[in-house]
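Student: Fold the following and give me the result.
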Amino acid sequence: MSIWQGIITAIFIINLVGAIYTVFHEKRDVPTTWAWLLTLALVPVFGFILYVFVGKKIPAGRIYDMKSQKSLGMSELADYQKEMLEENEQIASEEDNDVQVHTAILFLESNESILTRGNDVEVIIDGKEKFDQMIKDIMEAKHHVHLLYYTFRSDELGKRVLAALENRAAAGVEVLVVFDALGCRGNNPKFFKRLEELGGKTLVFFGSRIPFVNLRMNYRNHRKIIVVDSKIAYMGGFNIGKEYIGKGPLGNWRDTHIRIQGNAVLTLQSRFFMDWNAVAPKEEKRGYEEYYFPISPKMGNTAMQIVSSGPEDDIQAIKMGFIKMISQAKHSIYIQTPYFIPDNSVHEVLKIAALSGIEVHIMIPCKPDHPFVYRATEYFAKDIIEYGAHVYIYEDGFFHSKVLIVDNEVASIGSANMDVRSFKLNFEINAFIYDSTIAEELLANFNQDLSKSLQVDAEYFQNQSRWRKFKQYFSRLLSPIL
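Tutor: Just a heads-up that it's a prediction; the model follows:
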């Protein structure tokens, strides 16, 4: 054996032993364990580099600290609704169907997500419209503006939003901003300096002590929340950046967001404070103050729950909600998602629905913004077609909408994609809406998108090149860590 053969053999053995120790050192589910073993064993050195950036879990101490955050302002109402359940009283009106009632109970028990009624919900699918209205609402703020975004770019759109925040801070309005370190990578480091000089406060979520270097690719705060005076709130899929108004390299951007008025705003206020407190120094942490949680009169006719999930939770609440909705569908399921990489539980329930004669319609993008992720999406799209589902590829730019509609009566809109990353690796937030009017509006948007989409079938995938098929199968193996 030559010296080089000896070195290579030693590297292989050390790599294999290191891979086994590294993966089993931290508790993971079986698919994720095998995916990391495959990566670490077959891609020496680079696999470990990838693990440092993507695979490391949140330290137990940090998870405990995040779990200790309370549902500020919501706990008492959640307890009251639980008592109603124990006394077999309804939390939903008589006309609500089983899907609505049972889904509401699931979230109340698993996520302390209170059910609010009388909300006004406006669905927004155009980025320019969304940001014009959001900036207008910010400029009319009298007491506070609280903003949390995964991406808040220092580009032309980011500067417009920032200018509105600076205006309000200069007027004495409380302005609090949380942004994710990874989502805002590449930003001008002095982007928020003027806002802070005017009295605004900013915090970075899971930042790095080393400038320009962040070793944690997972466990990002993917939520998009803004609360204005605890009267108006926004949430959904749009981040703050010029690509979200169609000025990025992917061209036209199709997304879905909602503007909320009513008591559901208070649950978003509570979620903002929990995320703020998770990264704030002790002197900046916020507690319950009555003026942040004013009870609103009836603003509309929509009942809804705001549900959040993240890696600190033992229960993947948003995923469980998806499964509950899908499993109780009687007629139809419509899904819009940029990343269709479901875990086994979600994939199985969708296959069961399709095999049971329920219409399953899934819309995905025509182009990737993450190559491996898109190839895995193609694999699962091809697979679900074999069970009778209908798959459409949106062709008018990039598709980023995250919507689930069941039986034209119940819907979910938020930041969570239909993928493993959103289910358990990122911090996400979704609105589960019990209103047939909103569901029908979302369905109308889906049907409008069909005119810009291509329906694909098994033959479409069969005619793809062998190399592309290989990438799909390989990406599927990595799906638990994508």
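
Student: is it true that residue 475 touches residue 368?
Tutor: No. Counting by CB atoms under 8 Å, residue 475 stays clear of residue 368, with 10.4 Å between them. (Glycine included, C-beta is placed from N, CA and C.)

Student: which one of the two has more residues nearby?
Tutor: Neighbour comparison, residue 475 and residue 368: the larger count goes to residue 475, with 22 against 16 (by other CB atoms under 10 Å).

Student: okay, and the common contacts of residue 475 and residue 368?
Tutor: Jointly contacting residue 475 and residue 368 under the rule CB atoms under 8 Å, 6 or more residues apart in numbering are residue 375.

Student: Just give the number of residues close to the residue nearest to residue 182 when sequence neighbours are not counted.
Tutor: Counting by CB to CB, 6 or more residues apart in numbering, residue 220 is the residue found nearest to residue 182 once chain neighbours are left out, at 5.2 Å. Using other CB under 10 Å, residue 220 has 22 neighbouring residues.

Student: OK, contacts around residue 220?
Tutor: 150, 180, 182-183, 205-206, 426-427.

Student: what about it, distance to residue 338?
Tutor: For residue 220, the distance to residue 338 equals 16 Å [CB to CB, to the nearest Å].

Student: Most neighbours among the contacts of residue 220, which one is it?
Tutor: Result: residue 427 is most packed of these (other CB under 10 Å), 27 neighbours.

Student: By mean pLDDT, which helix or strand of this structure comes out lowest?
Tutor: Lowest mean confidence among the helices and strands of the chain (mean pLDDT, DSSP states H and E): helix 60-67, at a mean of 48.

Student: what's around residue 253, how many residues?
Tutor: Other residues lying near residue 253 total 24 when counted by other CB under 10 Å.

Student: Backbone dihedrals for it, both of them.
Tutor: When read as degrees, to the nearest 10, the backbone of residue 253 gives phi -120, psi 120.

Student: Same question for the one 3 residues further on.
Tutor: Main-chain dihedrals, residue 256, degrees, to the nearest 10: phi -140, psi 130.

Student: Could you list which residues are in contact with it?
Tutor: Applying CB under 8 Å, 6+ apart, the residues contacting residue 256 are 123-125, 236-237, 336, 401-403, 413, 442, 445.

Student: do residue 155 as well
Tutor: Neighbouring residues of residue 155 by CB under 8 Å, 6+ apart: 241-242.

Student: wait, which of the contacts of residue 256 is closest to residue 280?
Tutor: Distance to residue 280 across those (CB to CB) is lowest for residue 236, with 24.8 Å.

Student: what ranges do the strands span in the stretch 301-450 of the chain?
Tutor: Assigned by DSSP state E, counting those that start in this stretch, the stretch 301-450 of the chain shows strands spanning 302-309, 332-336, 340-341, 359-365, 390-394, 398-399, 403-406, 410-414, 418-419, 428-434.
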